[in-house]
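Asks: Take this sequence and fold it.
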Amino acid sequence: MRDGAAGQQLAAVAGRLAKERNLSDACRGQIQHDLQLLGPLPETADEARDVAAKFPGARLVLGRRAVLTPLARDRARAAGVEIERER
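Replies: Just a heads-up that it's a prediction; the model follows:
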């Protein structure tokens, strides 16, 4: 993904989070900034494992339509990642 596309994706995610939680524009900007610090979102299982290893005790929030397979649940537990469904 090119930097421009990644920036647009981060802005869209920040905007959606701010809207869903009724946050101010300043909060939206802070969310976008924090997402940029994290770097690109993982696209493969290996990348996701690398991110999980960097943040022990992390929590993964799945979207309403996300599918969690038994294997993915087991691997997340083994990596110490808590899984939560979005409400």
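Asks: quick check: domain ranges of the chain?
Replies: Annotated domains of the chain cover 1-41, 42-87 [automatic domain parsing].
Asks: Check the offset of the last one from the chain's centre.
Replies: Between the mean C-alpha point of domain 42-87 and the mean C-alpha point of its chain there is a distance of 9 Å (C-alpha atoms, centre = their mean, to the nearest Å).
Asks: can you check stretch 27-38 too?
Replies: For stretch 27-38, the separation from the chain centroid amounts to 12 Å (computed by C-alpha atoms, centre = their mean).
Asks: Show me which residues of it are buried.
Replies: Neighbour-count burial for stretch 27-38, counted by 16 or more other C-beta atoms under 10 Å, picks out Arg28, Ile31, Gln32, Leu35. Any C-beta I mention is one placed from the backbone N, CA and C, and that applies to glycine too.
Asks: In a markdown table: those, plus secondary structure and pLDDT.
Replies: Output for the buried residues of stretch 27-38, formatted as a markdown table (DSSP: H, G, I helix; E, B strand; the rest coil; pLDDT from 0 to 100):
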| residue | secondary structure | pLDDT |
| --- | --- | --- |
| Arg28 | helix | 80 |
| Ile31 | helix | 79 |
| Gln32 | helix | 79 |
| Leu35 | helix | 76 |
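Asks: now, among the residues you listed, which is nearest to Lys54?
Replies: Ranked by distance to Lys54 (C-beta to C-beta), the buried residues of stretch 27-38 are led by Leu35 at 15.1 Å.
Asks: and the residue nearest to that closest one when sequence neighbours are not counted, what helix or strand is that in?
Replies: Take Leu35 and drop its neighbours on the chain: the residue closest to it by C-beta to C-beta, 6 or more residues apart in numbering is Leu10, 4.7 Å away. Leu10 is located in helix 3-20, with elements delineated by DSSP states H and E.
Asks: Output the contacting helices and strands for that helix.
Replies: When contacts are defined as 3 or more C-beta pairs under 8 Å, 6 or more residues apart in numbering; DSSP states H and E, helix 3-20 sits against helix 25-38.
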